[in-house]
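Engineer: sequence plus the predicted model coming up.
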Amino acid sequence: MKEAAAASVSAADRSGPTSTLLPPRWHRWGEAGLGLLRRTPPLVFAMAVLGLGLTSASAVFVKGLRKANDTITVTGASTERIRSDHADWTVEVSQSGASQQAAYAGLQPALETTLAFLRAAGIKPEELQSGSVKTDRQEVRDPRTGELRSTSWTSRQEIRISSAEVDRIAAIAGRSGELIGQGVPLTINEPAYTYSKLAGKRVDMLAKATADARGRARAIAAEAGARIGAITNADTGIFQITAPNSTETSGSGSYDTRTIDKDITAVIGVTFRVD
């Protein structure tokens with residue numbers, strides 16, 4: 001029995017004093033690891049435990065801060081068909097002559113013919129305004145010597161029509177080519193159709209674009225199991241006023257004046273808080 005006990009003690013001495021007390025994963029440290037643990041001051045263990053606690057607390061704090069500052073930015077848009085309520089139209093009568101006096105004298109009957117046509121078509125006196133007479137001199141010179149060969153003059157006068165009856169102006173402008181058929185030297189410009197209540201319309205369009213942005217933000221947040229909170233920022237985009245169903249856009253905004261009916265589009269980028 002004594003021999004068996006001695007053999008048991010000898011085996012224990014060979015395997016080390018902690019072989020039966022330490023968890024199995026500690027055995028792979030070997031003698032070097034155990035020696036290091038024996039030499040480690042107790043303060044180091046305390047600092048390590050404290051560091052782990054601070055790291056955990058920091059992670060919770062950062063997560064809470066990030067959630068409180070979560071936002072989502074969505075672009076909203078609103079498009080509406082509007083109808084122009086004002087028309088500006090200009091035509092220019094011109095006449096050439098061998099002298100300045102002759103050009104001016106020839107301009108007068110052409111100007112009277114044009115004004116008579118416009119009045120007969122339904123343009124009211126208060127809708128008409130005549131500009132000042134302008135005269136240009138044209139010289140023809142010999143291309144080789146530069147010697148003056150001839151001189152001619154051209155007198156021109158602009159007639160401006162401004163009216164709220166856009167359909168009537170459009171119809172008259174479409175018929176104005178008849179004057180050219182009568183021999184009147186006329187330059188016919190395209191009428192410009194505008195909308196005079198644009199300032200108030202912009203406010204309404206921005207409100208609708210913001211509502212559109214909120215709806216999109218709610219749909220996106222719902223997919224993440226979140227809710228939309230207050231607006232934290234809003235950036236108004238450029239207004240686009242284009243011909244109906246047009247895809248034309250401009251970085252500085254566009255304003256179509258060629259058509260009576262137009263599409264106005266407002267765009268706004270809205271940032272919402274996420275709760």
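Structural biologist: Yep, it's here.
Engineer: correct me, but Ala164 touches His86?
Structural biologist: Yes - between Ala164 and His86 there is a contact under CB atoms under 8 Å: 5.6 Å. C-betas here are computed from N, CA, C, even on glycine.
Engineer: so the two - more neighbours on which side?
Structural biologist: Between Ala164 and His86, His86 has the larger neighbour count (other CB atoms under 10 Å), namely 16 against 12.
Engineer: for the more buried one, give its distance to Ile220.
Structural biologist: 42 Å (CB to CB, to the nearest Å).
Engineer: give me phi/psi at the residue nearest the centre of the chain?
Structural biologist: Note on the chain: the residue nearest the mean C-alpha position is Gly237, at 3.9 Å, using CA atoms, centre = their mean. Per-residue torsions, Gly237: phi -90, psi -170 (degrees, to the nearest 10).
Engineer: lowest-pLDDT helix or strand in this protein?
Structural biologist: Taking mean pLDDT, DSSP states H and E as the measure, the helix or strand of the chain with the lowest value is helix 42-68, at a mean of 36.
Engineer: and after that one, which helix or strand comes next?
Structural biologist: strand 71-83 (DSSP states H and E).
Engineer: and that next one, what's buried?
Structural biologist: By 16 or more other CB atoms under 10 Å, the buried positions in strand 71-83 come out as 72, 74, 76-78, 82.
Engineer: okay, now the domains of the chain?
Structural biologist: 17-67, 70-83+197-274, 86-194 (automatic domain parsing).
Engineer: one step back: ok, of the buried residues of strand 71-83, which one's closest to Ile268?
Structural biologist: Of all these, Gly76 has the smallest distance to Ile268: 5.4 Å, by CB to CB.
Engineer: need the pLDDT of that closest one.
Structural biologist: Looking at Gly76, its pLDDT reads 95.
Engineer: now do the helix or strand where Arg119 lies, average pLDDT.
Structural biologist: Per DSSP H and E, Arg119 falls inside helix 100-121. Averaging pLDDT along helix 100-121 yields 95.
Engineer: can you list the buried residues in it?
Structural biologist: 100, 103-104, 106-107, 110-111, 113-115, 117-118.
Engineer: how about it as CSV, C-alpha atoms only?
Structural biologist: Written as CSV, here are the backbone C-alpha positions of helix 100-121 (Å, rounded to 0.1, in the frame of the first residue of the first chain):
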residue,chain,number,x,y,z
GLN,A,100,-32.4,108.1,-94.3
GLN,A,101,-35.3,110.3,-95.3
ALA,A,102,-36.5,107.9,-98.0
ALA,A,103,-36.3,104.9,-95.6
TYR,A,104,-38.3,106.7,-93.0
ALA,A,105,-40.9,107.9,-95.5
GLY,A,106,-41.3,104.3,-96.8
LEU,A,107,-41.7,103.0,-93.3
GLN,A,108,-44.8,105.0,-92.5
PRO,A,109,-47.3,103.3,-94.9
ALA,A,110,-46.0,99.9,-93.9
LEU,A,111,-46.5,100.8,-90.3
GLU,A,112,-50.0,102.0,-90.8
THR,A,113,-51.0,98.9,-92.7
THR,A,114,-49.7,96.7,-89.8
LEU,A,115,-51.5,98.7,-87.2
ALA,A,116,-54.7,98.6,-89.1
PHE,A,117,-54.4,94.8,-89.5
LEU,A,118,-53.9,94.4,-85.7
ARG,A,119,-56.8,96.6,-84.8
ALA,A,120,-59.1,94.9,-87.2
ALA,A,121,-58.0,91.5,-85.8
